[in-house]
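> I'd like to go over a predicted model; first the sequence, then the structure.
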Amino acid sequence: MSHIEPLNRLLADATVFYQQLRNFHWMVNGPYFFALHEKFEELYRKWAEHGDAIAERILTIGGKPVRTLAAAVEKSGLEETDKELDATAMVDKVLGDMEHVERSLHKLLTLGEEAHDRGTVTLLDDIRAGLEKDAWMLRAFQGTGVPY
């Protein structure tokens, strides 16, 4: 199917995003520690589930999912950071990653619809709805409240 490779790029993004969220969960400190420590954990758990669902969808439609961390990092459009960031910069980075993933989801939804692949479209719609809500909450935390 024509959308297996883009699904694999999304899986790679989900893998890198998951790890980045775990890193931020571990490393956040300062006055926003309690709120962001919990939020980052909520998000990384959600993205672990998304990654699993994306990989299973790839298998369901006859593809082979990205299987190694090195391959995920290579294929992902997200950049890892090993810099020590403050809480505000962490939220900025997460929102930037969410924006990238949202653009990928938009393109993939079009491909899934063109392929008449309702299973993929349904999965991606669900991920996108959650992503939009999570981004809104982080923007509200920042005090901006404005879309990407």
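On my side now, so go ahead.

> tell me how many other residues crowd residue 86.
12 (other C-beta atoms under 10 Å). The C-beta positions use only the backbone N, C-alpha and C, and glycine is treated the same way.

> chain neighbours aside, what residue packs nearest to it?
Of all residues beyond its chain neighbours, the one nearest residue 86 is residue 30 (6.6 Å), with distances taken as C-beta to C-beta, 6 or more residues apart in numbering.

> per-residue pLDDT, that neighbour?
Confidence at residue 30, expressed as pLDDT, is 94.

> also the one 3 residues further on?
Predicted confidence (pLDDT) for residue 33: 95.

> what do you get for residue 1?
For residue 1, pLDDT reads 54.

> and for the one 5 residues further on?
Here the pLDDT value assigned to residue 6 is 97.

> pull the number of nearby residues for it.
The number of residues near residue 6, taken as other C-beta under 10 Å, comes to 17.

> tell me which element it is part of?
Here residue 6, judged by DSSP states H and E, is contained in helix 4-27.

> next SSE after that helix?
helix 33-60.

> tell me which other helices or strands that next one touches.
helix 4-27, helix 87-114, helix 118-142 (3 or more C-beta pairs under 8 Å, 6 or more residues apart in numbering; DSSP states H and E).

> so for residue 46, which of the ones you listed sits nearest?
Comparison of those against residue 46 by C-beta to C-beta identifies helix 118-142 as nearest, at 6.7 Å.

> buried residues in the closest one?
Residues of helix 118-142 classed as buried by neighbour count (16 or more other C-beta atoms under 10 Å): 120, 121, 123, 124, 127, 128, 131, 134, 135, 138, 139, 141.

> cool, stretch 5-21 as well?
6-21.

> for it, what is the distance to the chain centroid?
Its chain's C-alpha centre and that of stretch 5-21 lie 6 Å apart, by C-alpha atoms, centre = their mean, to the nearest Å.
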